[in-house]
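>>> How does the following fold in three dimensions:
(chains A, B and C)
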Amino acid sequence: MSGVIDAPSPVLEVEGLSVSYRRGLWKAPDQVVKDVSFEIRLGRTLGLVGESGSGKTTIGKAIVGLVGVEGGEILFCGEPLAHSSRARRRELSASIQMVFQDPYSSLNPARTVGQTLAEPLMAHRRLKRAELAGAVFSILTKVGMDPSAARRYPAQFSGGQRQRIAIARALIVEPKLVVCDEPVSALDLSVQAQILNLLRDLQRELSLTYLFVSHDLAVVRYMSDEIAVLKQGRLVEYGDAETVGERPEHPYTQALLAAAPRPLHKRLDVTDAADGAIEHSCR
Amino acid sequence: MAVELRAGTAVSVRERSTLVRFLWHPGAAFSVGFLALVVVAALAAPVLPLHNPIVEYYPHLFQGPGSASFPLGTDDLGRDLLSRMVYGARTTLLGVGEALAVFLALGVPLGLVSGFVGGALDSLVMWVADLSYSTPQIVVVLAILSIYSQNETAAMLAVGVLGSFGLTRIVRGSTIAVKNEQYVAAARVSGLSWGRITVRHVLPRIAGPIIVQASLFSSLALLFQTGLEFLGLATHPPAPSWGSMIAEAAQFIVRDPWMIVPPGAIIALTITALGLLGDRVRDVYAERWAPGGVVALGRTRERHQAAPAVVAPSRAAEEDPTSGEAAVRTPALLEVAGLAVVLESRRAEIPVVENVSFELEKRGALGMVGESGCGKTMTVSALLGLLPSGARRRAGSILFDGEALHHYGEKELSRTRGSKIGLISQEPVASLDPNFTVGSQVAEVVRRHRGLSRAEARSVTLELLDMVRLPDPSRVYRRYPHELSGGMAQRVAIAASLAGRPKLLVADEPTTALDVTTQAEIIALLRSLQDELGLSIILISHNWGLVANLCDRVVVMYAGQVVEMGTTVDVFTAPRHPYTAGLLASDPHLVSRADRLRALPGSVPEIGQWPEGCHFAPRCPYAIQACIDAPIAEQRVGAGHAVRCIQHERLVLERPA
Amino acid sequence: MLRSVGRRLLLSVPLLLGVTFLTFLLEALTPGNEALAILGTSADPQQVAALSKRLGLNLPFYVQYWHWLDGVIHGHLGNSAVTGVPVATTLNSHLAVTLWLIGGALVMSAVIGITFGVISALRGGVLGRIVDVVSLGGLAIPTFWLGYLLVLLVAVKLRWLPAVGYVSIGSSLGGWARSLVLPVFTLGVGGVALVAKQTRDAMLDVLSREFIRSLRAWGLASRSIVLKHAMRAALPNVVTLMGLYVVSLLLGTAVVETVFALPGLGSEVVLATSQHDLRVIDGASLYFTLIVVVVFTAADLLTAWLNPRIRSGR
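Residues are numbered from 1 along each chain as shown, chains lettered A, B, ... in the order given. Below is the predicted model of the structure:
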């Protein structure tokens, strides 16, 4: 995109990516991602925002290899991924991970948390039982859960706790890049704040790079260094979070920003004192 | 970073193994026991102390049941019926077993492959399955039997082959369902091979449906097999089989009706056992793979989990903190006082709404804020008499426009709904009947409330559709719900809710399922309808912004209680309950990247696990001993501003700048 | 609508060809049987060979199949090897009984089954339990056993109805009806059980859907909600099931016709099977498959009419 920039090097470069789905044997394929390009540098977060059907989740899936790439290229630390073999993909899964939207269906209800967490490790390394248990315990602690959770089943945890477990599963293989696909949209406000803070803390602690996908501009703005706005599969605005999140140029982003409900935006602005108080705590 | 783990939530339910839970049911225990008995007896027949099934004990012909040497009696040739039944089971079970083996051997792999690979292969397999579904088995089987005379094995193998496509279809469907589960996507992202994913995630999941289908198919195969024997198409006299025993008995039905009873009964019992087995497996699997997991009592997304626990009823039930205010303001349209709703389980009544009181004036807009599981939806459902099954209003009064709704029965409530209070719900498309045009649905509501002719109802409906700002109402009228976008569907739902000219519109998270830009339009529509029609509105939302945009008063709910209520300005700018303050601080709309969200620790306690004192105390930074000891009463803290907190003064002092 | 009928027809042609071809293929695996069947097992091998040649039985089976197909198009299904009577004549004379039986069982299971299912979905509790038991029992009792028990009770003991035999509708309407009551009831019990269970499950599923709650919230009468809206949504499942039920009914008709000594297609084809009368079996496979095709097409039309999503071709 904006030319070669000094430090740090890009972890992920997406160049002219397009993805199509076939909806039926006889129907023409549906292009849901059209010529999208962006990059994320080490330890930074790119927020990908758009309404439903904008193709934002598909981009995340293409990066982790859950859907095929139709055109363009995805470079991970310089390595092209678009046409890499299954075996290579499997190796790379230790470096590129994903946190899913729905903490209810992203954990297999019939497997204990410990089994779920150990699974990615066992796919990559041959570890002894004790080593596995140690890794599971330490990752659970890292995401703010009691290690005893390993013996329990997902049904015994609340949505927020499940999302912590899902984050633990993504991080247990010590990836570089994590695709967060709407990780808080199924959660309540107070729990959402916990998870957002957790993701930020872990990023700093483990120098993770995030692609943060969400429909909520406010959440994306809180999480991201840069924001890319998608509309119907195309990138309509891309820039640093400050600019895109506060003073967008593209009318679509402006509409998103204007439509996003802001407390005390409309009715209360008559009350000067109240308005002032809130504006103060906002900035 | 709070550790939210709570011990003991439903552990007891989970930790009983699936097998034990499966057998912990009279039907399942009977069926497993009976089937085991039949199989063992058939296998062990030669070593059991039985008569030879083909020896004719002359003159013991047509002997009834009950004698010591022939417990079930004898047939027309003096052969022992018990022995013939046990030996007959060998023939019958062998035939069923052959068919079942083919059924499984073909159906499972084909279904797995078809589901996984998809594409053209899948289409082909499904096409063949469709064909085999509509193939009359009897034709194929009779063709076989006309050539391989009396060859039962060939016939039953054919039955297995034809039936296997039904299984293929089921296995394929389940495979696709599992394949699309996020946990399978997660396993793929974790680098697991398809082989491992199949073994770990797919097979355990589809084992249940396979067992169900296998038991169903076994009973069909049993009927088929005995039917063929009965018709004399697959018998080897004098060797016994269940079907041929009935055919033999039929010849002497008038002379000795008893003879036909034992073979018929054993077939009926075996099939019953198979049916019960299948039903039980289905139930156990449904529990095991419910979206919330294993918990037996229906756990929904809203987490109305019913865990047995007895919570002391709120002692503050008599207080009514708002009554003083009411006289001063405009007369209230709705007055709710001391409302309590409980979920009834076998062992206890679990409170889901406790002592909720609030009122709403005419043309007022009241926001209800709080996280899921706090009782907002239950509260408004109680107003409308639409509580889900298992939930019951236990106490409290609901006065609407002078009518005491809490005294109404279902019939009177049904007349209230739509004509006095309207409701719009969270899922716009799902809230419309998919099988009727939206126009005809709205028109039906119009006719119900206004008693108009069809033509009049049609024109009123068009007016309503126009009123909710749908472009080209006459075109929308003819559309089906699946042809509408979420925003359009929500407008239609609003039109239907207003068809009976209600005075109050309850909007339960009306925009949660919609895109942000559509959300704003719907809220704008609600506001203008409020002005045009003089409506009162209750807006349930977890979104502060929407509430601030529409409502003049706010009720904040936490774990079944109202914890704060007041004007929107007061609650937003000077929250007096720590939960309200915490929720506001959790909203990312109000902070920038440089700041940090001040997140509340923990999460809303599950229903049934509410503390006896302040429900919020375990998460509250200001909690003191008195908060934990006893229920907290509501206190007035300003004009029309009440809060359920004894520490609310500290919140004022410590408000961060 | 057109689309779903088109799809069904696309499936029907291969089905008709497939089933009849399969029948021929199976028969071809043991050549010479038919001539033996005509001449009797004690026949001289030379005679058998000569007859086989004359009947074209030595030709490759696909050529024989082609000849047969050609005949079918011109309305000839060949002659019975045993009686020498044209197969079409025999089968046509037996068709009516089978159609009455299938039609009667379908109507019975639809009317009683749906009523039972709806009642138990609404009432639950004891009634739900009763439907559970009826549906379990109705499926578990073998048709032939039930048939004899009914003959014993209603015909032999109580003498209300004739035990066996068939009176054609032309000769006596009353006699015809009386001769069909027990067979249809025997055949339909399983269907009642199936339909009741399916209706109840489908209704319970529909009644828990969101749109039912909003219809209630809009103030519609529960009568309309249940009988108009919920039924409409639940019926496609029931219709599909009834289509499948007809396929399984075909063996049932053979059994019932045998039990009650009715001159139907089923008992005729059973007889042909034991006599190795292959031409009759070929013809019967065509007839049975046609019945299935007609029923499935009707079920598709009904489902499409009930479900706007199919009707509009999505």
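>>> do you know how far the spatially closest residue to residue B:332 that is not a sequence neighbour is from chain A?
Spatial nearest neighbour of residue B:332, excluding adjacent residues (Cβ to Cβ, 6 or more residues apart in numbering or on different chains): residue B:359 at 4.2 Å. C-beta here means a position set from N, CA and C on the backbone, and glycine is covered the same way. As judged by Cβ to the nearest Cβ, to the nearest Å, residue B:359 and chain A stand 20 Å apart.
>>> helix/strand/coil for residue B:359?
For residue B:359, the assignment made with DSSP: H, G, I helix; E, B strand; the rest coil gives strand.
>>> Please apply the same query to the one 4 residues further on.
Under three-state DSSP, the three-state class of residue B:363 is coil.
>>> Same question for the one 5 residues further on.
Local secondary structure at residue B:368 is given as strand here, using three-state DSSP.
>>> Could you do residue B:513 as well?
Applying three-state DSSP: residue B:513 is coil.
>>> show me where pLDDT drops low in chain B?
Counting by pLDDT under 70, chain B contains low-confidence ranges at B:1-18, B:290-330, B:653-657.
>>> Would you mind confirming that residue A:202 makes contact with residue A:164?
No. Residue A:202 is beyond contact range of residue A:164, at 10.4 Å (criterion: Cβ atoms under 8 Å).
>>> Tell me which of the two has more neighbours.
residue A:164 (27 against 20; other Cβ atoms under 10 Å in any protein chain shown).
>>> Could you check which helix or strand contains that one?
helix A:159-171 (DSSP states H and E).
>>> what's the burial count for residue B:629?
Neighbour count for residue B:629, taken as other Cβ under 10 Å: 12.
>>> Now it. Nearest residue, chain neighbours left out?
Residue B:629 sits nearest to residue B:613 (Cβ to Cβ, 6+ apart), 5.5 Å away.
>>> my guess is that neighbour contacts residue B:633, does it?
No. Using Cβ under 8 Å, residue B:613 is not in contact with residue B:633; the gap is 11.5 Å.
>>> so for stretch C:166-174, what's the average pLDDT?
For stretch C:166-174, the mean pLDDT works out to 81.
>>> now the end-to-end length of that stretch.
By Cα to Cα, to the nearest Å, the extent of stretch C:166-174 from end to end equals 11 Å.
>>> Buried residues, that stretch. List them.
With burial defined by 16 or more other Cβ atoms under 10 Å in any protein chain shown, the residues of stretch C:166-174 counted as buried are C:166-167.
>>> rewinding a little: please see if the helix holding residue A:164 touches chain B.
Yes. Under the criterion of Cβ under 8 Å from any Cβ of the partner chain, chain B is reached by helix A:159-171 at A:159-161, A:166, A:169-170.
>>> and the stretch 1-150 of chain A, which of its residues are near chain B?
A:25, A:51-52, A:61, A:64-66, A:89-94, A:96-98, A:100-102, A:104-111, A:116, A:119-120, A:123-124, A:144-146, A:148-149.
>>> For the closest residue to residue A:227 other than its chain neighbours, pull up the helix or strand it's in.
The spatial neighbour of residue A:227 that comes closest, neighbours along the chain excluded (Cβ to Cβ, 6+ apart), is residue A:244 at 4.0 Å. If you go by DSSP H and E, residue A:244 is part of helix A:241-246.
>>> Export only the CA atoms of that helix, formatted as CSV.
Below are the C-alpha coordinates for helix A:241-246, written out as CSV (Å, rounded to 0.1, in the frame of the first residue of the first chain):
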residue,chain,number,x,y,z
ALA,A,241,-7.3,4.4,13.5
GLU,A,242,-7.4,8.1,14.6
THR,A,243,-8.3,9.3,11.2
VAL,A,244,-10.7,6.6,10.1
GLY,A,245,-12.3,6.3,13.5
GLU,A,246,-12.8,10.0,14.2
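>>> Can you list the neighbours in contact with that helix?
A:47, A:217, A:220-221, A:224-227, A:229, A:237-238, A:249, A:253, A:257, B:593 (Cβ atoms under 8 Å, 6 or more residues apart in numbering or on different chains).
>>> And that helix, how far out from the chain middle?
Averaged C-alpha coordinates place helix A:241-246 at 18 Å from its chain's average position (Cα atoms, centre = their mean, to the nearest Å).
>>> Next, the buried residues of the helix or strand that comes right after that helix.
For helix A:241-246, the succeeding helix or strand toward the C-terminus, using DSSP H and E, is helix A:251-259. For helix A:251-259, burial by neighbour count (16+ other Cβ under 10 Å) applies to A:252-253, A:256-257, A:259.
>>> one step back: quick check: which helices or strands does the helix holding residue A:164 pack against?
Judged by 3 or more Cβ pairs under 8 Å, 6 or more residues apart in numbering or on different chains; DSSP states H and E, the packing partners of helix A:159-171 are strand A:96-99, helix A:113-124, helix A:129-142, helix A:189-206, helix B:182-189.
>>> strand partners of the first one, parallel vs antiparallel please.
Just to be clear, that refers to strand A:96-99. Its sheet considered, strand A:96-99 pairs with strand A:177-181 (parallel) by DSSP bridges.
>>> about what we covered before: for the residue nearest to residue B:629, list the residues it contacts.
Residue B:613 makes contacts with B:626-632, as judged by Cβ under 8 Å, 6+ apart.
>>> Which residue ranges of the stretch 301-450 of chain B form helices?
Using DSSP state H, counting those that start in this stretch, the helices of the stretch 301-450 of chain B run over residues B:323-326, B:376-384, B:410-416, B:438-450.
>>> What distance do you get for residue A:243 to residue A:45?
15 Å (Cβ to Cβ, to the nearest Å).
>>> swap that for residue B:246, sorry
75 Å.
>>> Show me which of these two is the more surrounded one.
A direct count of neighbours by other Cβ under 10 Å for residue B:246 and residue A:45 places residue B:246 higher, at 27 against 24.
>>> Let me see the contact set for that one.
So residue B:246 contacts B:226, B:230, B:260, B:263-264, C:142, C:144-145, C:148 (Cβ under 8 Å, 6+ apart).
>>> and the residue lying closest to it once chain neighbours are set aside, what element?
Among residues not flanking residue B:246 along the chain, residue B:263 sits closest, at 5.0 Å (Cβ to Cβ, 6+ apart). Applying DSSP H and E as the criterion places residue B:263 in helix B:261-288.
>>> Apart from its chain neighbours, what residue comes closest to residue A:145?
residue A:164 (5.4 Å).
>>> coming back round to it: just name the closest of the buried residues of helix A:251-259 to chain B, please.
The closest of these to chain B turns out to be residue A:259 (Cβ to the nearest Cβ; 3.9 Å).
>>> The closest one against residue B:520, yeah?
Yes. Contact between residue A:259 and residue B:520 holds when scored by Cβ under 8 Å: they sit 3.9 Å apart.
>>> Next, the buried residues of stretch A:217-236.
For stretch A:217-236, a neighbour-count test (16+ other Cβ under 10 Å) marks A:217-231, A:233-236 as buried.
>>> Pull the distance from it to the chain's centre.
Centroid displacement of stretch A:217-236 relative to its chain, using Cα atoms, centre = their mean, is 11 Å.
>>> quick one: terminal-to-terminal distance for it?
With Cα to Cα as the measure, stretch A:217-236 spans 14 Å from end to end.
>>> element containing the residue nearest to residue B:629, please.
Applying DSSP H and E, one finds residue B:613 in no helix or strand.
>>> what about it, distance to chain C?
For residue B:613, the distance to chain C - Cβ to the nearest Cβ - is 35 Å.
>>> now that residue: how far from residue C:216?
38 Å.
>>> tally of neighbours for residue B:360?
Residue B:360 has 20 neighbouring residues, counting by other Cβ under 10 Å.
>>> That one contacts residue B:505, correct?
No. Counting by Cβ under 8 Å, residue B:360 stays clear of residue B:505, with 11.1 Å between them.
>>> so what sits against both of those two?
B:536, B:538.
>>> returning to that earlier point: could you flag which of the contacts of residue B:613 are buried?
Looks like the contacts of residue B:613 have B:627, B:631-632 buried, using 16+ other Cβ under 10 Å.
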